[in-house]
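Enquirer: Turn this into a model:
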Amino acid sequence: MPTRETSPSQFVPRSRKVRILATLGPASDTSEMIRALAIAGADAFRINMSHGNHEDHARRIAAIRALEGELDRPTTILADLQGPKLRVGRFEGDKAVLKKGQKFIFDRAKALGDSKRVTLPHREIFEAMEPGVRLLVDDGRLVFRVLDCDGTEIRCEVEVGGTISNNKGLNVPDVVLPLAALTDKDRADLTFALEQGVDWIALSFVQRPEDVAEARRLIAGKALLLAKIEKPAAIERLDGILELADAVMVARGDLGVELPPEAVPPLQKQIVEAARRLGRPVVVATQMLESMIASPSPTRAEVSDVATAVYDGADAIMLSAESASGQFPREAVTMMNSIATSVEQDPSYNARVHFTETLPDATTNDAIARAASEIVRTVGGSAIVCFTTSGSTARRVARERPTVPLLVLTPSLKTSRRLGLLWGAHAVRTRDVHSFEEMVGKSKRMALRHDMAKAGDRIIVTAGVPFGVPGSTNVVHVARLIGDELEKHRPS
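Expert: Predicted structure coming up:
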């Protein structure tokens, strides 16, 4: 994407600060629909590696990138790895009916299953089993309690019965399984995604910080890493995971299977707060507007669910099947955009979003970020303009949840693309500056060009001297746009 120095953006910056992440799939497979989702409010796009092939994904990625030239705006792509999928084997007649209280065996035999046993083709599960552990099948519709295990058979009692059928998914919430977070498929998908130049990699079924460390090693800085929190074991080691990840996702699907439903809302708030305190972008996902898969309008409960995530200060909210395979993908994005915009216009929003206290670290960079937000609150301002190479300064400023938009100016295309999941950030790729005077002039020009300032407005500028050195933010400057300058910088 070329830098834009002389013409106005074709894309009006979002007034909304929370970002929208839309999943692509069969319902959003064309360039026209992807463009429509971007116009409707999608700030970033998720490629779900659990479905489709590399050819499909490459075509969607190319369509997303094509938007950069058309809309003059960086596009953000997240590739979501499938992770280890645990499934039972197959049955005679494709299914069996199990009754509460009966005994049932998971074993390693190859024969088709019946009402007494079925194959479980995952050696690692047998190694981790112990009496009292629960096994959940088909998203928790069937529940088994382990009685004993000898390494080849897991003998259980059925606590919740029902129909069990071929290849249904299995969850093991009570123990940490000795499974690698990356399967062979994930490694192949990761190589493909990095070759395609995606901006974020989402790691599924994280259980421990070591899973994140292994993925970071393989990614080798070619993308940022988002850890999906969907296992109880990950909650227990959340701080360690947050230290190693670039962002996290509250993946409420599997989290809601492995935990009681009433446990998920407080955990969502806990994860969002922990991520915000560390300045890690946090995404809230799964079933946010689920009814819009088949309906052009959501339920009131879904609207409240989306609003809660926005009030809590999440960086991004995500659509899954609603935009990937639903009948109303554009309407789902439009609705999510409308809900978020309405919440952020609530006079109480600013106070609510600051319920979480985010104390700065004892660094110059953090002090400057805090100062910029404090200046806005004290003397006013229409925008904070942030010069950054790596994006770290923008993340520090966003952690403060300032009351004004964050205009991020960077010479790095890679950095501008990666900021699509960051609260309040409007990223613009532009040539770097080399002097204080040039910094101030460009800040005014870009704030005007991107409709973030007008005559008489103040803007707060953060940058690092010497210019162009990553991690050197040490300047905060208040500038006012006056009439003569507006005429001088106004695009023709």
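Enquirer: what mean pLDDT does the helix or strand containing Met335 have?
Expert: For Met335, the enclosing helix or strand under DSSP states H and E is helix 329-344. Per-residue confidence for helix 329-344 averages out to 98 on the pLDDT scale.
Enquirer: How about stretch 376-389?
Expert: Over the span of stretch 376-389, the pLDDT mean works out to 92.
Enquirer: ok now that stretch, how far from the chain's centre?
Expert: Average the C-alpha atoms of stretch 376-389, do the same for its chain, and the two points are 25 Å apart (Cα atoms, centre = their mean, to the nearest Å).
Enquirer: try stretch 326-345
Expert: Mean C-alpha position of stretch 326-345 versus that of the full chain (Cα atoms, centre = their mean) differs by 17 Å.
Enquirer: same thing with stretch 386-406?
Expert: The mean C-alpha position of stretch 386-406 is separated from the chain mean by 17 Å, Cα atoms, centre = their mean.
Enquirer: One more: stretch 81-94?
Expert: What separates the centre of stretch 81-94 from the centre of its chain is 27 Å, taken as Cα atoms, centre = their mean.
Enquirer: swap in stretch 16-29?
Expert: Using Cα atoms, centre = their mean, we find the averaged C-alpha position of stretch 16-29 to lie 11 Å away from the chain's own average C-alpha position.
Enquirer: So what would you say the end-to-end distance of it is?
Expert: The stretch stretch 16-29 measures 26 Å between its terminal residues, going by Cα to Cα, to the nearest Å.
Enquirer: Likewise for stretch 285-293?
Expert: Its first and final residues considered, stretch 285-293 spans 15 Å by Cα to Cα.
Enquirer: distance between it and the chain's centre?
Expert: Chain-centre distance of stretch 285-293: 15 Å, with Cα atoms, centre = their mean.
Enquirer: Can you name the next helix or strand after the helix holding Met335?
Expert: Once the chain leaves helix 329-344, the next helix or strand it forms, by DSSP H and E, is helix 349-353.
Enquirer: buried ones in that following helix?
Expert: Buried residues in helix 349-353, counted by 16 or more other Cβ atoms under 10 Å: 349, 353. C-betas here are computed from N, CA, C, even on glycine.
Enquirer: next SSE after that helix?
Expert: Proceeding N to C from helix 349-353, the next assigned helix or strand is helix 364-379, under DSSP H and E.
Enquirer: From the chain's centroid, how far away is that next one?
Expert: 26 Å.
Enquirer: now swap in stretch 442-452 and tell me
Expert: The gap between the average C-alpha position of stretch 442-452 and the chain average comes to 28 Å, counting by Cα atoms, centre = their mean.
Enquirer: any idea of the mean pLDDT in that stretch?
Expert: When pLDDT is averaged over stretch 442-452, the result is 91.
Enquirer: mind exporting that stretch as CSV, just the C-alpha atoms?
Expert: What follows is stretch 442-452 as a C-alpha-only set of coordinates in CSV (Å, rounded to 0.1, in the frame of the first residue of the first chain):
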residue,chain,number,x,y,z
LYS,A,442,2.8,16.5,9.7
SER,A,443,0.6,16.0,12.8
LYS,A,444,-1.5,18.9,12.0
ARG,A,445,-1.7,18.0,8.3
MET,A,446,-2.7,14.4,9.0
ALA,A,447,-5.2,15.3,11.7
LEU,A,448,-6.9,17.7,9.3
ARG,A,449,-6.8,15.2,6.4
HIS,A,450,-8.3,12.4,8.4
ASP,A,451,-11.1,14.6,9.8
MET,A,452,-9.8,14.5,13.4
